[in-house]
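Asker: Pasting a predicted model and its sequence here:
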Amino acid sequence: MNGFNEKDGILHADNVPLPQIAEAVGTPCYVYAESVIREQYERLAGAMTKALPSDRQPLLCYACKANSNIAVLSFLRSLGCGLEIVSEGELMRGLKAGFDADKIVSTGVGKQKNEIAACLDAGIHQFNVESLPELEMINTAATETGKTANVVFRLNPDVSGGGHDKISTGRKRDKFGMGVENVMKAFAMARDMDHVNALGLSMHIGSQVFTVESFKEAFEKLPALVHGLRESGHTISRLDIGGGFPIIYKDEKLLDLDSYADWVRDIILPLDTEIIMEPGRYLVGGSGVLLTEVLYVKETQDRSFLVVDAAMSDLIRPTLYEAWHSIDAVKNRSASPQTYDVVGPICESSDIFATQRSLPEMNQGDLAAIRTAGAYGFSMASTYNSRPLPAEVLVSGDKFSIIRKRQALEGVMDGETIPDWLK
Ligand code: LLP
C-alpha cells in the first residue's frame, strides 16, 4: 500500500499501522510516507518530461521551507532534486543532506551578509535577487571573498496568486521581487560590477495557487521583458519560474499539472534558457499526517470538543490561514458519526484544528490523523506554551524510522539563563 490507507479497519502509513508508530514514538508526532513523496516527484517530473524535450528538462529545486528534515531532504536528493533555500540554516541542512551546491538556489528578501558569504563559499548555483540594495550587498560580499556570484533578478509580475492573502507574493503591494523598471536598473548596475554575473530572471507568485491560470498570466509577462533585455545586450540564460503548485486539502478542483507543463512548453521553452522550478508543497504536502491522541472528550451545552494532544504549536496552518485539514480516526472508523470541534491544549481559542467536523465517535485515548500535514507543518512548529517540538517519523514500505526525536523538555529552555542580579 502507498500512502495513508485503511487496512483491517486501521489507518496505515504505507504498510505500517499508525498505532504501532504511536506506541513506539508517542504522540503528537508527524509521520511521512516516502511513497507519496516519490509519487508526487514522479508526477511533476513526468509532466515535464512529457511536455519538454529531454535536453531542456527543468532543474527541480525543492523549496525546503515546506519540510526541511534532513532525512526528507536526503530522499528528495536521491530522487534527483536540487534545493531552494532561504537561510544559512537551510543551506547547512542541504549540504548535510548531500546536495550538490551547484543545484542550490538562494531566495528571500532579507539575505544577510553572512548568509550570502556562506552561499558563495559553498558555490551555490545562483542568488535570486529581490532588490537593488541586495544586489549591492552581494557584490560587496563577493568582492570581499574574492568570488563571483551568479544572480538572477526576481520579477514581481503584479499577478495575484496564492491560496490565501498571507501566501500571495506576486502582487505589486507585496514585498517580493522588483517591477520591470528596477529589473532593468539591476541589469545595468550588475554590468558595472566585477563580482556579479547577471544571468536571468526569476518569479514566484505565491503558494497553493489554486487559480492555476495565474501561472499562465505571470509567465506571459516574461517574453517581452526577456527580448527587451537581450536587445540591450544582457544575457538571459536562466529562468526560474518558482513554485506554488497547489494540492488538494478538501475538495478543491484543480487544473491538472499537464496544463501547467504545457504553459511552460509554450511560453517559457521558446525563450531558450535553462529552466528552474521551486516546488515545495506539491512534493511533500500529502506525504504527512500529524498523529495525535484524544486527551478528553469534553461536552458543553453547546458542543462536543475533542481535546487532542497536538496543538497550534505543532501545526499552525488552521490558526494562521483558516486552512482546512482532513481528520481521520485511526481505528473504529465505522463508528456512528458525531460532530466535534477538534481542539488542542493551548490557552487560546484559536488553537483549533476543525470546527463542527463529522467524525466517527471517538473516546479518550483514541488516535486521530490530521492529514495533508507534510508541508509547512513541522517546519512552522514552535514551542509556544513551552511545549516540546513533536517527533518526526519516516515510513518506507514496511519499515519506519524516527527522523527527529521529540524535543526533550530541557531543550525547550535551551540557551536561557537567569542574570546574576536575579539569582
Ligand atoms: N519559492 C519561493 C521563493 C517561495 O517563497 C516559496 C514559498 C516556494 C518557492 C515554495 O512554494 P510552494 O511550492 O510550497 O507553494 N506557510 C504557508 C506557505 C508559505 C509559502 C512560502 N514560500 C502555508 O502553510 O500554506
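Answerer: Arrived safely.
Asker: Okay, helices next: where are they in the protein?
Answerer: For the chain, the helices defined by DSSP state H occupy 18-25, 34-51, 70-79, 88-96, 113-122, 132-145, 180-191, 213-219, 222-231, 257-263, 281-284, 317-321, 409-412.
Asker: mind checking how far the most centrally placed residue in the chain is from the ligand?
Answerer: Nearest to the mean C-alpha position of the chain, counting by Cα atoms, centre = their mean, stands A66 at 2.1 Å. From A66 across to the ligand, the span is 5 Å (Cβ to the nearest ligand atom, to the nearest Å). All C-beta atoms are positioned from the backbone trio N, CA, C, and that covers glycine.
Asker: Equivalent analysis for G89, please.
Answerer: Per Cβ to the nearest ligand atom, G89 is found 16 Å from the ligand.
Asker: and what of F219?
Answerer: Look at F219 and the ligand: by Cβ to the nearest ligand atom, they are 15 Å apart.
Asker: related to what we said a few turns ago, excluding chain neighbours, give the residue nearest to the residue nearest to the centre of the chain in space.
Answerer: Leaving aside its sequence neighbours, A66 sits nearest to G280 (Cβ to Cβ, 6 or more residues apart in numbering; 3.4 Å).
Asker: got the contact list for the one you found?
Answerer: If a contact means Cβ atoms under 8 Å, 6 or more residues apart in numbering, then G280 has 62-67, 84, 207, 243, 375 as its contacts.
Asker: just the residues you listed: which has the poorest pLDDT?
Answerer: pLDDT is lowest at S207 among the contacts of G280; the value there is 93.
Asker: Can you tell me the closest non-neighbouring residue to that residue?
Answerer: I167 (4.3 Å).
Asker: Now do that neighbour, the pLDDT please.
Answerer: 74.
Asker: count of residues packed around it?
Answerer: 18 (other Cβ atoms under 10 Å).
Asker: Surely it is in contact with Y321?
Answerer: Yes. Using Cβ atoms under 8 Å, I167 is in contact with Y321, at 7.0 Å.
Asker: For F210, give me its contacts.
Answerer: Taking Cβ under 8 Å, 6+ apart as the criterion, F210 is in contact with 163, 246, 252, 254.
Asker: Can you tell me which of the residues you listed comes closest to Q126?
Answerer: Distance ranking of the contacts of F210 against Q126, using Cβ to Cβ, places P246 first at 25.7 Å.
Asker: Distance check, that closest one against the ligand.
Answerer: Here P246 is placed at a distance of 7 Å from the ligand (Cβ to the nearest ligand atom).
Asker: what sits opposite V196 in the beta ladder?
Answerer: Beta bridges link V196 to A149, judged by DSSP bridges.
Asker: isn't it right next to T140, touching?
Answerer: No. V196 is not in contact with T140 according to Cβ under 8 Å; the separation is 10.1 Å.
Asker: quick one, which of those two is more surrounded?
Answerer: Each of V196 and T140 has its neighbours counted (other Cβ under 10 Å); V196 has more, 23 against 15.
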